[in-house]
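J.: Have a look; sequence and predicted model below, questions after that.
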Amino acid sequence: MIAAFLIFYITITLFAMIFLGIYGVATRSNLIKKIIMLNVMGDAINMLFILIGYRLVYPVFPPIYEKHITFEEFLRRAVDPVPQALVLTAVVIGMAMNILLTTYAIQFYRLHGTVDARDMAEIMGGERE
Amino acid sequence: MEVGLVPVVPLGFAFFLPFTAFFTRKNRKVVIAYALTALTAAFLSALWLFAKAYSSSEPLVYAFGNWIAPIGIVFEVDRFSANIVLTAAFGFLLAGLYSAVFIRSHGLEFFYTFLLGLEAGAFGAFMTGDAFNLFVMLEVLGASAYAIVGFYRNRSDAVEGAFKYGISGAVATSLYFLALGFVYASLGTVNMADLSAKFHGIGFPVTVKVFGDPSLALAIFFALTISTVIVKSAIFPGHYWLPDAYQGAPIPVGAVLSGFVEVVGIYALSRFLYTVFQGYLPEALSLTFFTLGASTAFLGSVMMLVQKNVKRIIAYSTILHMGYLFMTLGVGSQLALLAINFHIVNHALAKGLLFFTVGAFIYRTGESSLDGLAGVGKGMPLTTALFAVAVLSLVGVPPLNVFFSKMLIYNALLQVSPWLASVVIITSAIAAWAYFRLFITLWRGKPAEVHGHHAGQHEGSPATGDPGLFTGINLLLALLVIGIGLLAPTVIDLYFHPAAVQAMDYGAYIDAVRKLALGVFH
């Protein structure tokens, strides 16, 4: 009962974080805050993946198959390693994306002395006329 | 040679390019020679792949590290992917050649590194047989694209365009990752053949049972994947980044972005809808495709009329064509897939020609605003004629190539409703007016007296002379545009019809992977 509630609670929190992240990217005008909100969203998705592979039972087996355990018992008790592998890949990609976006934010700051999207729109609007 | 090596060729060359440049003291000639060798090698391997895919009766499968399907990652190439890969390799080769003259600033080695990375990502996305690998390839493609769009890093429009593209693209691909979570939780796999087998109730070795009712998971998967594609392929509510990104990007990059990078989203959706989950497509999903696609087409064509920068006109033209492709996705018939495949190839060639001719004008004047380009066509009659070929083709004038794919799209949409099909004609007419206006400005416009007024729009100093390389590339592309147009019925029968038939055959798609997996156990 408590276990089911815990899973439910974590899932709801993670979905709230994902929506919060998208909201933040869309509405914050500071470029750095946009990048932070992107990370909030990405990490919530990563956590959700870990949760998919997680087994809330006791005792938990390591995901190495041994002969003396039945296969069904193994599937029920061993943590699924595939989501962890996927998350590992996504984390690395997320880091590369962070560096790239931060570089652009810094570069814009060097050019115009601001990291505010509203100033950006103003500057660019002037140049597009 | 193995199938899986094809995307590794540009990726491997890309990895060693900065080192090569460093050890040869950034010698421009060495960098160009190295990059062109890499692009040629990639083109030759794509040609090999094309020949192999068309001579084989079933899809080609390559298992990385010999790990069989549901456990390891596989590449699965059928004719649909092979012909797009070949077109992409050809487009990237021409763009690389063009950049050798066009890019005159420092950092050419990084430009080519990103271009090769972009090519590797595009190849991987078109060839992969694994839904998670598609996510990785989207990110490879995305990272290279965000980097290369901001190549002119001291120009604020480039930095702004790259940041917008980067943050929108990163959010979009994260949503695709979330979509994979739902599919994995319900169907227990991310391999495309295995997903298809589970969806169609076909047995597959070494895999888990379906958990619960997969229809809800599939609905969420498609909802999230469509929101990814909306941003990645610039469909109506998610198109906002594209004009800014194209305005900042160098011209040869625009050609490949427009022809192959935007198309990846459309390709992924057509792979999911027409091969993997063939027969899914509920009414509501079709309606989404029609509504969003038609709004995109109208938005693209109308916005083309009011732009003051030639790069933005082409950007909105790309949005227009992505709208056509997105609309056609909702039809769900074999004709629709044929139309999508043929239009992807034709649009890439014609849009490449348009970008490269406009690039020659920009190279000459150093400006991309319409005022700065007024009257430049008079001095370059051949390039202007080729520009006219590109424009007529994109509008859909017979016997040029885009006419035939637009006709196929029209026929596919006619299966649903004549009103929907009329969108293609109306938006083409609006776009034709915008192109006509652009042509008149280039040919008869009075040259602006004050140059250098718009500091942000400068593409570099004006160059003298008309590089023969640009004309050569443009002539080659124009020849293809006219040739494919004249031979369209033959080309469709020989290459595109077999591709559509094979892509719709999900049984063969599953069997190709399953045989490999079963072979391990015997």
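T.: Received the coordinates, thanks.

J.: contacts, neighbours, all on C-alpha from now
T.: Will do.

J.: residue ranges with poor pLDDT in chain A?
T.: By pLDDT under 70, the low-scoring segments of chain A are A:126-129.

J.: Can you show me the strands along it?
T.: Counting by DSSP state E, chain A forms no strands at all.

J.: now swap in the stretch 201-350 of chain B and tell me
T.: Counting by DSSP state E, counting those that start in this stretch, one finds no strands in the stretch 201-350 of chain B.

J.: what's the burial count for residue 83?
T.: Reading this off chain A. For residue A:83, the count of nearby residues is 22 (other C-alpha atoms under 10 Å in any protein chain shown).

J.: um, chain B though
T.: For residue B:83, using other C-alpha under 10 Å, the count is 26.

J.: SS state for it?
T.: Secondary structure assignment for residue B:83 (DSSP: H, G, I helix; E, B strand; the rest coil): helix.

J.: same question, residue B:51
T.: Residue B:51 - assigned by three-state DSSP - is helix.

J.: For stretch B:214-223, C-alpha coordinates in CSV please.
T.: These are the backbone C-alpha positions of stretch B:214-223, laid out as CSV (Å, rounded to 0.1, in the frame of the first residue of the first chain):
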residue,chain,number,x,y,z
PRO,B,214,-0.7,-0.8,-25.4
SER,B,215,-3.3,1.4,-27.1
LEU,B,216,-3.0,4.2,-24.5
ALA,B,217,0.8,4.1,-24.5
LEU,B,218,0.7,4.3,-28.3
ALA,B,219,-1.6,7.3,-28.2
ILE,B,220,0.7,9.1,-25.8
PHE,B,221,3.7,8.0,-27.8
PHE,B,222,2.3,9.5,-31.0
ALA,B,223,1.1,12.7,-29.2
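
J.: residue contacts, residue B:318?
T.: Residues near residue B:318 by C-alpha atoms under 8 Å, 6 or more residues apart in numbering or on different chains: B:258, B:300.

J.: now it: how far from chain A?
T.: Distance of residue B:318 to chain A, computed by C-alpha to the nearest C-alpha, to the nearest Å: 20 Å.

J.: How many neighbouring residues does the nearest residue to residue B:154 once chain neighbours are set aside have?
T.: Distances taken as C-alpha to C-alpha, 6 or more residues apart in numbering or on different chains place residue A:111 nearest to residue B:154, at 7.2 Å, with adjacent residues excluded. Counted with other C-alpha under 10 Å, the neighbours of residue A:111 add up to 13.

J.: doesn't residue B:156 make contact with residue A:111?
T.: Yes - if you go by C-alpha atoms under 8 Å, residue A:111 and residue B:156 touch, sitting 7.0 Å apart.

J.: for chain A, what are the nearby residues on the stretch 151-300 of chain B?
T.: B:153-154, B:156-157, B:159-160, B:162-163, B:166-167, B:170-171, B:174, B:177-178, B:181, B:185 (C-alpha under 8 Å from any C-alpha of the partner chain).

J.: residues touching the residue nearest to residue A:114 when sequence neighbours are not counted, list them.
T.: Nearest residue to residue A:114, sequence neighbours excluded (C-alpha to C-alpha, 6+ apart): residue A:108, at 7.0 Å. Applying C-alpha under 8 Å, 6+ apart, we find residue A:108 in contact with A:114-115, B:156, B:159-160.

J.: how far away is residue A:108 from residue B:244?
T.: 15 Å (C-alpha to C-alpha, to the nearest Å).

J.: Then residue B:61?
T.: Taking C-alpha to C-alpha, one finds residue B:61 at 39 Å from residue B:244.

J.: Ok, residue B:28 next?
T.: Counting by C-alpha to C-alpha - residue B:28 and residue B:244 are separated by 29 Å.

J.: Please say which of these two ends up with more neighbours.
T.: Counted by other C-alpha under 10 Å, residue B:28 and residue B:244 do not tie: residue B:244 has more neighbours, with 23 against 17.

J.: Test my guess that that one contacts residue B:157.
T.: Yes - contact criterion C-alpha under 8 Å: residue B:244 and residue B:157 qualify, at 7.1 Å.

J.: Got the confidence number for residue B:203?
T.: You'll see residue B:203 listed with a pLDDT of 82.

J.: Tell me which residues touch the spatially closest residue to it that is not a sequence neighbour, please.
T.: Excluding the flanking residues, the one nearest residue B:203 by C-alpha to C-alpha, 6+ apart is residue B:197, at 6.5 Å. Taking C-alpha under 8 Å, 6+ apart, we find residue B:197 in contact with B:203-204, B:510.

J.: For residue B:81, see how far away residue B:197 is.
T.: 20 Å.

J.: what do you get for residue B:36?
T.: From residue B:36 across to residue B:81, the span is 24 Å (C-alpha to C-alpha).

J.: Settle it for me: which of these two has more neighbours?
T.: Using other C-alpha under 10 Å, the more surrounded residue of residue B:36 and residue B:81 is residue B:81, with 24 against 18.

J.: so which strand or helix has the closest residue to that one other than its chain neighbours?
T.: In this structure, residue B:81 finds its nearest non-sequential neighbour in residue B:126, 5.5 Å apart by C-alpha to C-alpha, 6+ apart. Element membership for residue B:126, per DSSP states H and E: helix B:108-127.

J.: Confirm residue B:138 sits in a helix?
T.: Yes - under three-state DSSP, residue B:138 sits within a helix.

J.: Am I right that it is in contact with residue B:173?
T.: Yes - with contact defined as C-alpha under 8 Å, residue B:138 counts as touching residue B:173 (7.2 Å).

J.: From residue B:335, how far out is residue B:409?
T.: The value you get for residue B:409 to residue B:335, if C-alpha to C-alpha is used, is 8 Å.

J.: Of the two, give the one with the bigger neighbour count.
T.: Taking other C-alpha under 10 Å, residue B:409 and residue B:335 do not tie; residue B:409 has more neighbours (27 against 20).

J.: Run through the residues that contact the more buried one.
T.: B:324, B:328, B:336, B:339-340.

J.: and with 10 Å instead?
T.: Each residue near residue B:409 by C-alpha atoms under 10 Å, 6 or more residues apart in numbering or on different chains is listed here: B:324-325, B:327-329, B:331, B:335-340, B:342-343, B:403, B:421, B:424.

J.: and if you look at residue B:444?
T.: By C-alpha under 10 Å, 6+ apart, the residues touching residue B:444 are B:374-378.

J.: Please repeat the previous calculation with a cut-off of 7 Å.
T.: For residue B:444, the residues meeting the contact criterion (C-alpha atoms under 7 Å, 6 or more residues apart in numbering or on different chains) are residue B:375.

J.: residues from chain A in reach of chain B?
T.: Residues of chain A found near chain B (C-alpha under 7 Å from any C-alpha of the partner chain) are A:38, A:42, A:45, A:49, A:52, A:97, A:101, A:104, A:108, A:111, A:124, A:127.

J.: and these, which of them are in helices?
T.: Counting by DSSP state H, the residues of chain A next to chain B place A:38, A:42, A:45, A:49, A:52, A:97, A:101, A:104, A:108, A:111, A:124, A:127 in helices.

J.: Could you check how many residues crowd around the fourth one?
T.: Burial measure for residue A:49: 24 neighbouring residues, criterion other C-alpha under 10 Å.

J.: tell me the contacts of it?
T.: The contact partners of residue A:49, taken as C-alpha under 7 Å, 6+ apart, are A:83, A:87, B:181.

J.: Tell me the one among these nearest to residue B:46.
T.: Taking C-alpha to C-alpha as the measure, residue B:46 lies nearest residue A:87 of these, at 31.4 Å.

J.: Now the helix or strand harbouring residue B:185: average pLDDT?
T.: Element membership for residue B:185 (DSSP H and E) is helix B:156-187. When pLDDT is averaged along helix B:156-187, the result is 92.

J.: need the next SSE after it, C-terminal direction.
T.: Downstream of helix B:156-187, the next assigned helix or strand under DSSP H and E is helix B:192-200.

J.: What sits closest to residue 96 if chain neighbours are left out?
T.: Just going to use chain A. Residue A:96's closest residue in space is residue B:143 (C-alpha to C-alpha, 6+ apart), at 7.8 Å.

J.: The chain in question should be chain B.
T.: Here the residue nearest residue B:96, using C-alpha to C-alpha, 6+ apart, is residue B:36, at 6.7 Å.

J.: Having no further points to raise, I will conclude here.
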